[in-house]
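1. Got a sequence here, can you model it:
(one chain, ligands or ions: 3)
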Amino acid sequence: MKRRDLLMFAGLAALAGCGGPGTGGKGNAGSVRFVNRLRVPPLLEPAVAADGTKRFSLTMQAGRAELLPGRPTTTWGFNGAFLGPTVRATRGDRVAMRVRNQLREPSTVHWHGMRLPAAMDGGPHQMIEPGGVWSPHWTVDQPAATSWYHPHLHGSTARHVYRGLAGLFLVDDPATAALGLPATYGVDDVPLVLQDKIIDGNGALREDPRPTWGLIGDQILVNGVYDPFFEVTTTLVRLRILNGSTARMYHVEFSDRRRFHVIGTDAGLLAAPVTVDRVQLSPGERLEILVEFAPRDQVVLRSVGGDNGLDEGDHDLLKFVAAGLLAPRPAVPARLAAAPGIEVPAGARERRFRLSGSDEINGREMAMNRIDEVVPAGAREIWHIENTVYAHNFHIHEVAFRVLDIDGEQPPAYLRGPKDTVFVPGKSTVRLAVQFGHHTDPTTPYMYHCHILRHEDKGMMGQFVIVEPGTEASVARTLPTHHHHG
Ligand code: C2O
Ligand code: CU
Ligand code: CU
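-> Ligands and ions are numbered 1, 2, ... in the order given. Down below sits the predicted model:
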């Protein structure tokens, strides 16, 4: 069969529900040949104002992208047809974003992982009408990390992200820069945005969701490229992996089962590298890893199927092809972050969140005008996420947390770093040590929610405000109802 026919066959097989070669039923393993060069999202150049503020411009727009060869797909993107450029800033920078919405419908842009005032967060309360502009600004004050940005409107986040609205937001800091980690963007410091799609024979993105999860596709794109390869030119490569899927979970490993080093989780570096041969990422999670290569190595990054319901099938993601001569890089450092892990004081406040079904938390659907939790600025608390049903995950805006335990057991060593999103296996309880920030605003909430976007859209989300310590009792729990025009 010719390549295109093969792709068509794979697509039809997937639609027909035929079993793939892998353990989990469907999958693409064996049907991809790694013929397309990996695209690396371009760095977005800021305009630097007289006072040093870095001004970044992002435009949400519709376009057409050739996600599969010869089958142009109608998509959405930032500053282009699909996905968005990489925003990059250093701790201490003042940043000002100019977000234009050229779509025909309202949307928002949320800075997932950024520590900032609630009014700048880009959640469902910061809608941008068609033709409108939103201009949030803040001072970057958090450790180096791989964050990202994506729409976050109530009820339609899954559709907006799935169509292509997502990009990376990298934070640098001097301490991390001094570690000598690979840092040449696109060469030995490479972002990998993993997203699954179902693209039909006409090139249309299918959006029909499955009742429980929403869309789970078998065409996996890396940075918007199907069937990709990457040319390795250095002995050590840093990969910043983002699960940018709406629901699918990945269990990532190399085809030769080589070991690699996890150096960072969602919100920053681990204390020291952790060597593993497989990592998992639920939607919204990020990991930074270091991988050693030898000259002429050829190895496939793949995701193996699991039994959580949202991780079926074995999928080849990306082939690494190493040159005959590799530029040397320093060895993997023995220590990474100087900052201690997140600890909670004795007697810390504990809060409980029960996930049942797929559209509520603690028995309540998300309501735009209801404040569910009031948190004093700078608090450190223990949050219990109790899942009574099938797999979910949990993301908290504006915070960094550490996973204390999963059903009483410590998480794997590579998941003990600072995070903002965590997988919550079916019928299990995850406890988090949560460090809240200092931006107070009693009338503008932040969100916490399941990052399986269909669940978020259906109401598995809640709202919290951060307030001056001591004022908690006087905070109004009901917000005035806003009217959105357009
Ligand atoms: Cu990445 Cu509230 O979201
Ligand atoms: Cu977020
Ligand atoms: Cu969920």
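2. mind listing the helices for the chain?
-> Here the chain has its helices, by DSSP state H, at 3-16, 157-162, 174-177, 453-458.
3. how near is the residue in the stretch 51-200 of the chain that ligand 1 sits nearest to to P124?
-> For the stretch 51-200 of the chain, the residue closest to ligand 1 is H112, as judged by Cβ to the nearest ligand atom, at 3.5 Å. All C-beta spots, glycine's among them, are computed from the backbone N, C-alpha and C. Separation of H112 from P124 (Cβ to Cβ, to the nearest Å): 14 Å.
4. ditto for A29
-> Taking Cβ to Cβ, one finds A29 at 38 Å from P124.
5. higher neighbour count, the two?
-> Remark: of A29 and P124, P124 carries more neighbours, 24 against 19, as counted by other Cβ atoms under 10 Å.
6. contacting residues for the nearest residue to that one once chain neighbours are set aside?
-> What sits nearest to P124 in space, not counting adjacent residues and going by Cβ to Cβ, 6 or more residues apart in numbering, is H154, at 3.9 Å. Applying Cβ atoms under 8 Å, 6 or more residues apart in numbering to H154 gives the contacts 124, 366, 368, 457, 461.
7. and H154, backbone torsions?
-> Here is the backbone geometry of H154 (degrees, to the nearest 10): phi -70, psi 120.
8. For ligand 1, what's the nearest residue on the stretch 351-486 of the chain?
-> Of all residues in the stretch 351-486 of the chain, M447 sits closest to ligand 1, at 4.8 Å by Cβ to the nearest ligand atom.
9. Show me what that residue is bridged to.
-> Q463 (DSSP bridges).
10. ok, so what distance separates it from ligand 3?
-> 14 Å (Cβ to the ion, to the nearest Å).
11. give the contact list for that residue.
-> 121, 123-124, 152, 395, 397, 461-464.
12. And V344, by the same measure?
-> Contacts of V344 by Cβ under 8 Å, 6+ apart are 380-382, 433-434.
13. With pLDDT as new columns, can those residues be given to me in JSON lines?
-> As requested, the contacts of V344 are exported to JSON lines (pLDDT from 0 to 100):
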{"residue": "R380", "pLDDT": "98"}
{"residue": "E381", "pLDDT": "98"}
{"residue": "I382", "pLDDT": "98"}
{"residue": "A433", "pLDDT": "98"}
{"residue": "V434", "pLDDT": "98"}
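14. Okay, and which of these map to strands?
-> Those of the contacts of V344 mapping onto strands are 380-382, 433-434, per DSSP state E.
15. Would you mind writing the ChimeraX command to select the buried ones in those?
-> Command for ChimeraX, covering only those of the ones in strands among the contacts of V344 found buried under the criterion 16 or more other Cβ atoms under 10 Å:
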select :380,381,382,433,434
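16. Let me have the ones in strands among the contacts of V344 in CSV, extended by distance to ligand 1.
-> Converted to CSV, those look like this (distance: Cβ to the nearest ligand atom, whole Å):
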residue, distance to ligand 1
R380, 21
E381, 19
I382, 21
A433, 20
V434, 15
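17. my guess is D314 contacts S31, does it?
-> No: at 10.8 Å, D314 does not count as touching S31 under the criterion of Cβ atoms under 8 Å.
18. Was I right to think R163 contacts W76?
-> Yes: using Cβ under 8 Å, R163 is in contact with W76, at 4.1 Å.
19. and the one residue sitting closest to the centre of the chain, what is it in contact with?
-> Nearest to the geometric centre of the chain sits G284, at 2.9 Å (Cα atoms, centre = their mean). When contacts are counted by Cβ under 8 Å, 6+ apart, G284 touches 112, 243, 393, 395, 421, 451.
20. Just among those, which is most surrounded?
-> The most crowded member of those, judged by other Cβ under 10 Å, is N243 (29 neighbours).
21. Read off the pLDDT value for that one.
-> Looking at N243, its pLDDT reads 99.
22. any idea how far it lies from ligand 1?
-> 10 Å (Cβ to the nearest ligand atom, to the nearest Å).
23. Once you drop chain neighbours, what's closest to that residue?
-> N243 sits nearest to L281 (Cβ to Cβ, 6+ apart), 3.9 Å away.
24. what does Y446 give?
-> Of all residues not flanking Y446 in the chain, H397 sits nearest, at 3.9 Å (Cβ to Cβ, 6+ apart).
25. Near the one you found, how many other residues are there?
-> Neighbour tally, H397, other Cβ under 10 Å: 25.
26. just the one 4 residues further on next, same as before
-> Residue neighbour count, defined by other Cβ under 10 Å, stands at 28 for F401.
27. Over to the one 10 residues further on?
-> A count of neighbours around P411, defined by other Cβ under 10 Å, yields 17.
28. For it, which residues are in contact?
-> 403, 405.
29. Tell me how far the spatially closest residue to R258 that is not a sequence neighbour lies from L318.
-> Leaving aside its sequence neighbours, R258 sits nearest to V299 (Cβ to Cβ, 6+ apart; 6.7 Å). Here the criterion is Cβ to Cβ. By it, V299 lies 10 Å from L318.
30. Which one of those two is surrounded by more residues?
-> L318 (24 against 19).
31. Quick check: beta-bridge partners of that one?
-> Applying DSSP bridges, one finds that L318 bridges with L301.
32. before we move on, what about E231?
-> V321.
33. That one contacts V321, correct?
-> Yes: taking contacts as Cβ under 8 Å, E231 lies within contact range of V321: 5.5 Å.
34. what does the stretch 251-400 of the chain have sitting close to ligand 3?
-> Within the stretch 251-400 of the chain, the positions lying close to ligand 3 (Cβ under 5 Å from the ion) are H392.
35. again, 6 Å this time
-> Listed as neighbours of ligand 3 in the stretch 251-400 of the chain under the rule Cβ under 6 Å from the ion: 358, 392.
36. One more: the stretch 1-150 of the chain?
-> By the rule Cβ under 6 Å from the ion, no part of the stretch 1-150 of the chain lies against ligand 3.
37. Tell me the residue of the stretch 1-150 of the chain that sits nearest ligand 3?
-> Ranked by Cβ to the ion, the top residue of the stretch 1-150 of the chain for proximity to ligand 3 is H112, at 16.1 Å.
38. Noted, bye for now.
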